[in-house]
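Participant: 3D, please:
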Amino acid sequence: MNQHHHDEQQEVLDATLPHPPSAWTIILMQKLKDMPNDELETFFIALCSAEFNLATPKQLVSVLLELVQDEAFRKLIVYCGAIPALVRHLSSPLEEQYGSPPVGLPVEAGDLFVEAVSAHTLSRLAALRYQKLIIDAGALPPLVDLLKRTHDGLNSPRMSFLLRGVITSICRLAFENTCIKTIVRVEGGIRPLVKLLWSVDEDVCRVTVWTLAILAMDNVENQNQIISNDSILDRLILMLRSKVPLVQGGVVCLIRILVESYPGIRSQVIDGALQLVIGILSSSSPLSQNQAVKLLDLLVTYSDCMVHIAQRGAIPPLIELLHSSDAQTIHLAAVVLIKLAEDTHNQAGIAALGGILPLLELLDSNVESCRSTAAVALCRLVQNEDTVVEFIEKGGFQKLQDREFGNQIARRCVIYTLKALKKKIHGRVLSHLLHSISVAEGDIRKRVFLALAPLSSPDDYQTIFIDYGGLEFLFNLMKSTNPQHRREGSLGLSKLVDEAILLTPKTGAAQSQVCLGEGYIDNPYVTLLVEGKRFYAHRSRLIESSDAFRAMFEGDYAERNAKETAIPKIRFKVFKLMLRYIYTRTVKVSPIIAYRLLKAADRFLLNGLKRLCENVIAQDITVDTIPILLEFSETFHASFLRRFCILFILEQFDIVRDTTWYAPLIQIILPETRDFLLKTFSREIQDGTRKGVGGPV
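Facilitator: Model (predicted):
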């Protein structure tokens, strides 16, 4: 149990005195506040002494109960011996003041004020991490003895007060302490606790059931003794009908612990308790809600229980718990929904009942477990086509893309979700999304277009982005005064530009001809002079590779019949690489020489080499080089390099938008980007046919 729920449970166990402090106690407390520390210590030592105990037990325990609630006094009185004094009063006053009660006479026959207040004071100290001191002082045996010697006194508020103090003390001492849990059983404390479940006092039932749950947790022997009462489960199921939410929560907690160890009682729980547990999901007590969802998390792992949980109406309150203020409850509710979503019918049901939006909102949570669980749940839901449209309309695609997840499983689920969405954006799903575009306005249209940019098939680009106006919508976002809209439009267009670059034909990329063939046998050579050095090449290979060489050697130029042809304004190293490409169609180009080689490729009309150089240069694009590269690409007709620069600007909007060159450049590149996309997406695909889904509605 985490610290938050531990603190809540402490509140569940706390009880108040049946009457306010006496006038004597109030006066004494006021005087104590004015005492110096050394006098206080002397007073507290005397107060906790055995002599004072025997003389004025009622005054002592009353004062101690008030003192432990005041942080200024608490440590000092504990140091001065308050705990041993309180332990003595769990048993000795009965014999010292009233004599030993006759055999068979219940403790309520005596004055229970001292014992009750002592027990409550020890309970409060146990809640403040003084458990070890209390145990070392020997408190557990007299507490269990009091428990065994009492019974449910009808119409007895004092008996109820005593029982609450004793039971709460035992519970807090046993919390997360397996040894103490065992001692309680060995001392005989569990059986009277089980009997107290039949108490007519709701307060006694409340602390009793939570104490039994603590004693049963991680202790099989204690569980065996609790379940040995044949009617215990029937009583617990009946207690679920209590009007006290905290009683219900304790019962659910105990049932869950028992079901974990005794799966055989599962059918009885399903038949008698499941509907009541589902009702507790809507309880006014967060702790009870947490226990109910924990029990459902256990039951839903069984296939025979999953159907019952969904059919009996658990999904709506589970979805509502996604808005809880408690992170653990949110996490558990999402986990149960994930398990329910293993069934395809439940996937559609969770979406139809409003589950997608709160799960998407959880992606913004500051709690990693909530974000990760929501991502896994959404991954499960989008496996059903019926949920995809709503997921996209509510902005699920954008949220998954923008969020970071520390959990590896969540990261994998996000990747899997995006892949699943891409596979489903066609046919009926695409038709519904296009209908949304036609009838919806504002945010929904924006979310759909921004999701379709990376998710839709190129076969549908004309329909979505030309026929339905998707391109114009994205370009209008780029013109917005809202930075977020510009960012969204930029990212959407970047996906389209990236795909359009892939769709653009790779012109000039001839096949490799390392083996030249018979046509080059006895083919005449030409001698080329570059920086005073000679190159020898086949005339026909040069003519075949480039229209520039064709004009040089077949046109009316002096080079046609010259014995040696000078190639000016080119470096020897660059020309050598260019000739290697002409002969092999493969060449290793470094980023340093790629610029010069691109100039040569543009000059000699070698489009394949030019494209290769553009790709190399594009690998080193940075924010600082963008303006230079755009100018370079325009000078040497490097259209692909220019598109890579545009793609970089669109993808890196958050980085480039604050540069000095962004505003003027974006005004220049947007029109040409628009023309490029329109031209690319308007091309007929697959032999003149397009796999569209129809025109605008």
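Participant: burial of Asp38, as a residue count?
Facilitator: Counted with other Cβ atoms under 10 Å, residues neighbouring Asp38 total 8. Yep, even glycine has a C-beta here, placed from its N, CA and C like the rest.
Participant: same thing with the one 3 residues further on?
Facilitator: Using other Cβ under 10 Å, Glu41 is surrounded by 15 other residues.
Participant: elements contacting the helix or strand hosting it?
Facilitator: Secondary structure from DSSP states H and E places Glu41 in helix 37-47. On a contact count with 3 or more Cβ pairs under 8 Å, 6 or more residues apart in numbering; DSSP states H and E, helix 37-47 meets helix 57-67, helix 71-79.
Participant: 6 Å - rerun?
Facilitator: Packing partners of helix 37-47 (3 or more Cβ pairs under 6 Å, 6 or more residues apart in numbering; DSSP states H and E): none among the helices and strands.
Participant: Now that helix - C-alpha only, PDB.
Facilitator: The C-alpha trace of helix 37-47 is given here as PDB (Å, rounded to 0.1, in the frame of the first residue of the first chain):
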ATOM      1  CA  ASN A  37      11.700  23.100  28.800                       C
ATOM      2  CA  ASP A  38      13.600  21.900  31.900                       C
ATOM      3  CA  GLU A  39      10.500  22.200  34.100                       C
ATOM      4  CA  LEU A  40       8.400  20.500  31.400                       C
ATOM      5  CA  GLU A  41      10.700  17.500  31.400                       C
ATOM      6  CA  THR A  42      10.600  17.200  35.200                       C
ATOM      7  CA  PHE A  43       6.800  17.400  35.100                       C
ATOM      8  CA  PHE A  44       6.400  14.800  32.400                       C
ATOM      9  CA  ILE A  45       8.700  12.400  34.200                       C
ATOM     10  CA  ALA A  46       6.700  12.700  37.300                       C
ATOM     11  CA  LEU A  47       3.400  12.500  35.300                       C
END
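Participant: can you state the direction angle for that helix and helix 57-67?
Facilitator: Calculated by axes from the mean of the first three to the mean of the last three Cα atoms, to 10 degrees, helix 37-47 forms an angle of 140 degrees with helix 57-67.
Participant: what's next to helix 37-47, contact-wise?
Facilitator: 76-77, 80 (Cβ atoms under 6 Å, 6 or more residues apart in numbering).
Participant: Same question for stretch 139-156.
Facilitator: Taking Cβ under 6 Å, 6+ apart as the rule, stretch 139-156 contacts 87, 90-91, 106-108, 122, 159, 166, 169-170, 183, 187-189, 192, 199.
Participant: end to end, how far does that stretch reach?
Facilitator: 25 Å (Cα to Cα, to the nearest Å).
Participant: quick one: it to chain centroid distance?
Facilitator: The chain centre lies 47 Å from the centre of stretch 139-156; the measure is Cα atoms, centre = their mean, to the nearest Å.
Participant: The residue most central in space within the chain is in what secondary structure piece?
Facilitator: The residue lying closest to the centre of the chain (Cα atoms, centre = their mean) is Arg371, at 1.4 Å. Per DSSP H and E: Arg371 is located in helix 368-381.
Participant: How far does the next helix or strand after that helix sit from its chain's centre?
Facilitator: Using DSSP H and E, the helix or strand that follows helix 368-381 towards the C-terminus is helix 385-393. How far helix 385-393 lies from its chain's middle: 20 Å, per Cα atoms, centre = their mean.
Participant: Pull the residues that contact helix 385-393.
Facilitator: When contacts are defined by Cβ under 6 Å, 6+ apart, helix 385-393 is touched by residues 348, 351, 356, 381-382, 424, 429, 432-433, 436, 444, 448, 451.
Participant: Just the buried ones out of those, please.
Facilitator: Buried subset of the contacts of helix 385-393 (neighbour count, 16 or more other Cβ atoms under 10 Å): 348, 351, 356, 381-382, 424, 429, 432-433, 436, 444, 448, 451.
Participant: quick check, nearest of these to Leu298?
Facilitator: Ranking those by separation from Leu298, with Cβ to Cβ as the measure, puts Leu381 on top at 22.5 Å.
Participant: Quick check: pLDDT value at the spatially closest residue to that closest one that is not a sequence neighbour.
Facilitator: Using Cβ to Cβ, 6 or more residues apart in numbering and skipping the chain neighbours, the partner closest in space to Leu381 is Thr387 (4.8 Å). For Thr387, the pLDDT comes out at 93.
Participant: and if you look at the one 3 residues further on?
Facilitator: With respect to pLDDT, Glu390 has a value of 94.
Participant: burial of it, as a residue count?
Facilitator: Neighbours of Glu390 (other Cβ under 10 Å): 19.
Participant: And for Ile415?
Facilitator: Around Ile415 there are 12 residues (other Cβ under 10 Å).
Participant: mind showing which ranges of the stretch 451-600 of the chain have poor pLDDT?
Facilitator: By pLDDT under 70, the low-scoring segments of the stretch 451-600 of the chain are 506-524, 555-562.
Participant: got the residue ranges for the strands in it?
Facilitator: Remark: strands assigned in the stretch 451-600 of the chain by DSSP state E, counting those that start in this stretch are 525-530, 533-538, 564-566.
Participant: Take the ones you listed and write them to CSV, including mean neighbour count and distance to Cys645.
Facilitator: Output for the strands of the stretch 451-600 of the chain, formatted as CSV (neighbours: other Cβ atoms under 10 Å; distance: least, Cβ to Cβ, whole Å):
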stretch, mean neighbour count, distance to Cys645
strand 525-530, 16, 31
strand 533-538, 13, 34
strand 564-566, 14, 35
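Participant: could the ones you listed be laid out in TSV, adding distance to Ala126?
Facilitator: Output for the strands of the stretch 451-600 of the chain, formatted as TSV (distance: least, Cβ to Cβ, whole Å):
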stretch	distance to Ala126
strand 525-530	94
strand 533-538	95
strand 564-566	101
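Participant: Indicate which one of these is closest to Thr635.
Facilitator: It's strand 525-530; of the strands of the stretch 451-600 of the chain, that one is closest to Thr635 (Cβ to Cβ) at 22.6 Å.
Participant: and stretch 641-652, average pLDDT?
Facilitator: 94.
Participant: Next: stretch 363-372.
Facilitator: pLDDT averaged over stretch 363-372 gives 92.
Participant: got the buried residues for that stretch?
Facilitator: Buried residues in stretch 363-372, defined by neighbour count with 16+ other Cβ under 10 Å: 363, 365, 369-372.
Participant: For it, output the C-alpha coordinates as PDB.
Facilitator: Output of stretch 363-372 as PDB, limited to C-alpha atoms (Å, rounded to 0.1, in the frame of the first residue of the first chain):
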ATOM      1  CA  LEU A 363      -1.300  11.500 -22.000                       C
ATOM      2  CA  ASP A 364      -0.800  15.000 -20.500                       C
ATOM      3  CA  SER A 365      -0.500  13.700 -16.900                       C
ATOM      4  CA  ASN A 366       2.600  14.400 -14.800                       C
ATOM      5  CA  VAL A 367       2.600  10.900 -13.600                       C
ATOM      6  CA  GLU A 368       4.500   8.500 -15.900                       C
ATOM      7  CA  SER A 369       2.500   5.400 -14.900                       C
ATOM      8  CA  CYS A 370      -0.700   7.200 -15.900                       C
ATOM      9  CA  ARG A 371       0.700   8.400 -19.300                       C
ATOM     10  CA  SER A 372       2.100   5.000 -20.100                       C
END
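Participant: Sounds good, over and out.
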